[in-house]
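Trainee: Everything below, folded, please.
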Amino acid sequence: MAKASLGVAAEADGVADAIRTLGRVDKELKKELVRSMKKAADPLVNEARSLVPTAKPLTNWYGWKGGYVPGKVKRGIKVSQRNTAQRTRSGQQQEKIKLLALVQTNAAGAIYDMAGKAGGAGKGSENAARGQAMIRKLDESRTASRTLWPAAERRLGDVQDAVIAAIADVEDTINREMR
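Mentor: Numbers count the residues shown, from 1 in each chain. Predicted coordinates for the structure are as follows:
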C-alpha cells in the first residue's frame, strides 16, 4: 500500500531510550504513554482530514485500488509511533527517531497529497505528458504536499505541547510508584 509519510520531530534528549526502558520495566505504562502521545496528535490528524477535498480532484479518478473515495482518504490519515532508529540507505543507524509520524495509508490519498512534489522528476515519470496534466489539475487547488504538511504547520506546536505533557504525566506516575 502506498504511504506518504511526514515525520516532524521535537528534539528531546533521551526520550527514545526512556521509552525503550519503560517497555522493559512496565509494558502497560509504555502502552499508556504511546496511547497518550497518539491522542495528543488528534488535532493534527483532524486538521489534515479537514484538508481532504470532498469531491474527486480529478474527474476520471475511479476503478483502481478503490479510486478516490473521500471517506477512505480521510480514514487513511493516521499517526504512527515507532520507537526504533531507522537506517539510512547506506545502512547506518540514524541518531534521531520519529517519535510520531503523520502518515497517509490510502493509495489515492497519498497520490493526491504528494503528486508533483518531485517536480516531474519522480521515479518512472520520464516527464510524461499525462502525469504533468494530472499534476497541473491537482495544483489548481493546492500544490504538493496538499494535506499532511499544511496540517503539521498549523498544529505542530499544540501537538508538541501535548506530547510533552503526556511524557510528564508518565514521569509523575513513575516517581509516585518509586516512593
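Trainee: What number of residues are in the vicinity of residue 142?
Mentor: The local packing of residue 142 (other CB atoms under 10 Å) involves 15 other residues. In this view, the C-beta of every residue, glycine as well, is placed from N, C-alpha and C.
Trainee: who's in contact with it?
Mentor: If a contact means CB atoms under 8 Å, 6 or more residues apart in numbering, then residue 142 has 51, 150 as its contacts.
Trainee: Where do the strands of the chain begin and end?
Mentor: Using DSSP state E, the strands of the chain run over residues 4-7, 77-80, 101-104.
Trainee: looking at the protein, which helix or strand is least sure?
Mentor: Least confident helix or strand of the chain, by mean pLDDT, DSSP states H and E, is strand 4-7 with a mean of 44.
Trainee: Tell me which residue is most central in the protein.
Mentor: Taking CA atoms, centre = their mean, the centroid of the chain lies closest to residue 102, which sits 1.2 Å from it.
Trainee: Identify the bridge partners of it.
Mentor: Counting by DSSP bridges, residue 102 is bridged to residue 6, residue 79.
Trainee: these two touch, right, it and residue 44?
Mentor: Yes. Assessed by CB atoms under 8 Å, residue 102 is found in contact with residue 44 at 6.0 Å.
Trainee: intersection of neighbour lists for the two?
Mentor: What both residue 102 and residue 44 touch, as defined by CB under 8 Å, 6+ apart, is the set 79, 151-152.
Trainee: nearest spatial neighbour of residue 67, skipping sequence neighbours?
Mentor: residue 61 (5.6 Å; CB to CB, 6 or more residues apart in numbering).
Trainee: same question but for residue 58, I mixed them up
Mentor: In space, residue 58 is closest to residue 137, 6.0 Å off (CB to CB, 6+ apart).
Trainee: For that neighbour, give its distance to residue 115.
Mentor: In this view, residue 137 and residue 115 are 10 Å apart by CB to CB, to the nearest Å.
Trainee: who has more neighbours, these two?
Mentor: More crowded of residue 137 and residue 115, by other CB under 10 Å: residue 115, with 22 against 13.
Trainee: And that one, how far from residue 132?
Mentor: Using CB to CB, residue 115 is found at 10 Å from residue 132.
Trainee: Residue 58 now?
Mentor: 13 Å.
Trainee: Quick check: neighbours shared by those two?
Mentor: What both residue 58 and residue 132 touch, as defined by CB under 8 Å, 6+ apart, is an empty set.
Trainee: quick one, which of the two is more surrounded?
Mentor: Neighbours were counted for residue 58 and for residue 132 using other CB under 10 Å; residue 58 has more, 16 against 13.
Trainee: if I pick the more buried one, what's in contact with it?
Mentor: By CB under 8 Å, 6+ apart, the contact list for residue 58 reads 68, 134, 137-138.
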